[in-house]
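1. Let me see the structure of the following:
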Amino acid sequence: MKTTLLLISIFCAATAFTQEKKTKFEFGLFSSLYLDQYFNHDNELINPRDFPKQALSALEFYEGATLAIDSLNAVGKSVSLKLYDVQSFQGNISKAFENGDFDKLDLIIAQVGGNEFFQLAIIAREMNIPIINATYPNTRGITASPDLYIVNPRINVHLEVIHQKIGRNWKTANIVWFTKEKAAEKQLENIFGTLNRQQGTNGLRYKTVYLKEDFSISDVSKNFDSTKANVWVLGSFDEAFAAKFVSVANNMLHKDKLHLIGMPNWESLKEIQAKQYSNLALYYTMAFYLPHENSFVRRMDEIFKTSMGIKSPTMALKGFEITYYFCSLLDKYGKIKTGQPAEAGFKVLTDFDFQPVFLNQTSGEPDFIENKNIKFIRRLNNLALPYF
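-> Numbering: from 1, shown residues only. Predicted coordinates for the structure are as follows:
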């Protein structure tokens, strides 16, 4: 109860809203907790040293979601959460379908990816249940699903932002796209190249350099131009490859003329946050900007420090924000309905900008709804802040 009151006291959006149609709502949170594999019948960890990273992020997201539900209910909303561990026998998607659980759900929040997300999206589309793709930046080929909301945008949206920022800030710089000759990297390269060609004569002038896994500083440094600013983009999600690239670039002379741009996963890449890279300008995009000087974040930090001795995990903040935002919409309109002026009152930290996406321009309804608000972050002097 103390936790709930603390959250309410700093969150100005917790006001009473009129309800339409239903007065009580239930949403299903689908995550991968791996309870069957890692816990015994007494709910104890079988091996505390062997706890999967993906299960930890799911647990943190769940903690944030439950805090959001407590906060909503404390101010008169009536929202309940049911957790489904899609990796367990009792909580997997097929079992939930067989039990008729989807008939009871007003909303699905999916913190899963791959096949599990695809299964949920198909069921949600067939049963007309709004589904929130919370963290997986992909639609898995799903179309004709106007009730599907992509919170963490697809990679092509991130690359659009990167392309725009380079054009705005470093149009005349020495621009180099570094990558590997692998299928995943080729896909990123093709998306960026297509975006550039669409600009016609206003496109960027850049070159592409392919690096081997064992590349050296000489392979990289020969692409440096000491007479101008250098913008190097690493088109790869390979974390080891990225860590090595940053390490090599950090040994360059005149690195004050160097701007390194990475993919969205640089947000959580611990290796590049080391103090030794504090004087190197690193850039990446992110859909969730969580400023730790924010009063809400500070209060959440206090709550987690008191109960667990740690700062509030990023995934817990995301769990709170996404749950609060969409459950508030559900409570307000009786269904998920974006684009309304009242949505501003549901903001926690992020200015979501959900826009319809039409993969076929002749289609009468969107294929899905996607958040288009992405921040371009610069990490410099141990500070990560939005860059213009």
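
2. Verify the stated contact: Ser78 with Thr23.
-> Yes - counting by C-beta atoms under 8 Å, Ser78 touches Thr23, with 5.9 Å between them. Backbone N, C-alpha and C define where each C-beta goes, glycine included.

3. between these two, which one's more packed in?
-> Higher neighbour count among Ser78 and Thr23: Ser78, with 13 against 10, using other C-beta atoms under 10 Å.

4. contacting residues for the more buried one?
-> With contact taken as C-beta atoms under 8 Å, 6 or more residues apart in numbering, Ser78 is in contact with Thr23, Lys24, Phe25, Asp331.

5. per-domain residue ranges of this structure.
-> Taking automatic domain parsing as the criterion, the chain consists of the domains 2-153+291-374, 155-286.

6. would you say Ser236 is within a helix?
-> No - Ser236: not assigned to a helix; according to DSSP: H, G, I helix; E, B strand; the rest coil it is coil.

7. Quick check: pLDDT value at Ile10.
-> Listed pLDDT for Ile10 reads 36.

8. and what of the one 5 residues further on?
-> We have a pLDDT of 34 for Thr15.

9. List the residues that contact the most centrally placed residue in the chain.
-> Centroid check for the chain by C-alpha atoms, centre = their mean gives Asn152 as the closest residue, at 4.0 Å. The contact partners of Asn152, taken as C-beta under 8 Å, 6+ apart, are Asn133, Ala134, Thr135, Tyr136, Pro137, Ala287, Phe288, Asn371.

10. List phi and psi for the fourth one.
-> Comment: the main-chain dihedrals of Tyr136 come out as phi -80, psi 110, following degrees, to the nearest 10.

11. Could I get the phi/psi values of the residue nearest to it when sequence neighbours are not counted?
-> Of all residues beyond its chain neighbours, the one nearest Tyr136 is Gly113 (3.9 Å), with distances taken as C-beta to C-beta, 6 or more residues apart in numbering. Phi and psi for Gly113, reported as degrees, to the nearest 10, are phi -140, psi -170.

12. okay but Gly113 is in contact with Ala134, surely?
-> No - taking contacts as C-beta under 8 Å, Gly113 lies outside contact range of Ala134: 10.1 Å.

13. Counting neighbours, go ahead and name the busier of these two.
-> Between Gly113 and Ala134, Ala134 has the larger neighbour count (other C-beta under 10 Å), namely 27 against 16.

14. mind listing what that one touches?
-> Taking C-beta under 8 Å, 6+ apart, one finds Phe61, Ile109, Ala110, Gln111, Val151, Asn152, Lys318, Gly319, Ile322 in contact with Ala134.

15. For the third one, give me the pLDDT.
-> When you say that, I think you mean Ala110. Here the pLDDT value assigned to Ala110 is 97.

16. The last one too?
-> Residue-level confidence at Ile322 comes out at 95, pLDDT.

17. so is it in a helix, a strand, or just coil?
-> Classified using three-state DSSP, Ile322 is helix.

18. again with the second one
-> Secondary structure assignment for Ile109 (three-state DSSP): strand.

19. Report how many residues lie close to it.
-> Neighbours around Ile109, by other C-beta under 10 Å: 27.

20. any idea how far it is from Ser78?
-> Counting by C-beta to C-beta, to the nearest Å, the gap from Ile109 to Ser78 is 17 Å.

21. got it, and the fifth one?
-> Counting by C-beta to C-beta, the gap from Val151 to Ser78 is 24 Å.

22. go on, the third one?
-> With the distance defined as C-beta to C-beta, Ala110 ends up 23 Å from Ser78.

23. now do the fourth one
-> Using C-beta to C-beta, one obtains 23 Å as the distance from Gln111 to Ser78.

24. cool, and Asp106?
-> The gap separating Asp106 from Ser78 is 11 Å, by C-beta to C-beta.

25. Identify the contacts common to these two.
-> Counting by C-beta under 8 Å, 6+ apart, the common neighbours of Asp106 and Ser78 are Phe25.

26. ok, back up a step: can you tell me which of the contacts of Ala134 are buried?
-> Buried members of the contacts of Ala134, scored by 16 or more other C-beta atoms under 10 Å, are Phe61, Ile109, Ala110, Gln111, Val151, Asn152, Lys318, Gly319, Ile322.

27. so what's the residue nearest to the last one when sequence neighbours are not counted scoring on pLDDT?
-> Pointing back at Ile322 there. If the residues on either side of it in the chain are set aside, Ile322 comes closest to Ala134, at 5.2 Å by C-beta to C-beta, 6+ apart. Looking at Ala134, its pLDDT is 96.

28. Report the separation between the spatially closest residue to Met300 that is not a sequence neighbour and Gly319.
-> Excluding its sequence neighbours, the residue lying closest to Met300 (C-beta to C-beta, 6+ apart) is Ser312, at 3.9 Å. Here the criterion is C-beta to C-beta. By it, Ser312 lies 10 Å from Gly319.

29. what do you get for Phe245?
-> As judged by C-beta to C-beta, Phe245 and Gly319 stand 32 Å apart.

30. Can you pull out the low-pLDDT segments for this structure?
-> Applying pLDDT under 70 to the chain picks out residues 1-22, 38-52, 339-342, 344.

31. Just the element for Ile191, please.
-> helix 183-197 (DSSP states H and E).

32. which element follows that helix toward the C-terminus?
-> Following helix 183-197 in sequence, per DSSP H and E, is strand 206-210.
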